[in-house]
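In: could you look at this predicted model? Sequence included:
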Amino acid sequence: MSRLITILNGPNLNLLGKRQPHIYGSETLADVEAACRKLGSELDLEINFHQSNREYEIIDWIHAARETSVGIVINPAAFTHTSVAILDALNTFDGPIIEVHISNVHKREEFRHHSYVSAIASGVIAGFGTQGYTLALQRMAVLIAK
Ligand code: CA2
């Protein structure tokens, strides 16, 4: 049985650690990927890690995950608040989905308070910085064992 977890990151997260460290911290996305791979090996999880600034690419990776992965961890970034298309794609995935936000979106502008993804997510993590990704993986290990 596969233990592959797909981790997806939306637009502008390629700039993590390079801009706005007061909001998103100083770790880069490569650091986040390395932390996920390290914990993944401890939890016996395989990791597929992607970032894109293009909505269709994220949708294509969700479709691919239907065939390959037992869970999805997703930080849809700004698409969280806009994308019915990503919601529709996630709705076709059978396994657990964990939504991650580095910042506490509820402490920020009103338009960040609504997420299209939260209604179908197994869980939502926000405001734990980049640690949210490894917290999501820990939870994922529990969910896929059920
Ligand atoms: O807090 C999060 O993780 C967000 O998903 C990040 C998105 C934002 O639109 C969401 O409301 C909350 C923005 C990602 C932009 O990432 C940057 C990282 C460093 C520098 C500039 C942008």
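Out: Cool, the structure landed.

In: what about residue 24, how many neighbours?
Out: Number of residues near residue 24 (other Cβ atoms under 10 Å) recorded here: 19. No exception for glycine: its C-beta is placed from N, CA and C like everyone else's.

In: ok, now which ones touch residue 14?
Out: 29, 51, 53 (Cβ atoms under 8 Å, 6 or more residues apart in numbering).

In: of these, which is the most crowded?
Out: Most crowded among those, counting by other Cβ under 10 Å, is residue 51 at 21 neighbours.

In: and the contacts of residue 14 as JSON lines, adding pLDDT and secondary structure?
Out: Below are those laid out as JSON lines (pLDDT from 0 to 100; DSSP: H, G, I helix; E, B strand; the rest coil):
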{"residue": "29", "pLDDT": "98", "secondary structure": "helix"}
{"residue": "51", "pLDDT": "98", "secondary structure": "strand"}
{"residue": "53", "pLDDT": "98", "secondary structure": "coil"}
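
In: and those, which is closest to the ligand?
Out: Checking the contacts of residue 14 against the ligand by Cβ to the nearest ligand atom gives residue 29 as the nearest, at 8.5 Å.

In: may I have the phi/psi pair for the residue nearest to the closest one when sequence neighbours are not counted?
Out: Spatial nearest neighbour of residue 29, excluding adjacent residues (Cβ to Cβ, 6 or more residues apart in numbering): residue 16 at 4.6 Å. When quoted as degrees, to the nearest 10, the phi and psi of residue 16 stand at phi -50, psi 130.

In: for the residue nearest to residue 46 when sequence neighbours are not counted, give me the pLDDT.
Out: With sequence-adjacent residues excluded and distances taken as Cβ to Cβ, 6+ apart, residue 46 is closest to residue 4, at 4.4 Å. With respect to pLDDT, residue 4 scores 98.

In: now do the contacts for residue 4.
Out: 45-48, 68-70.
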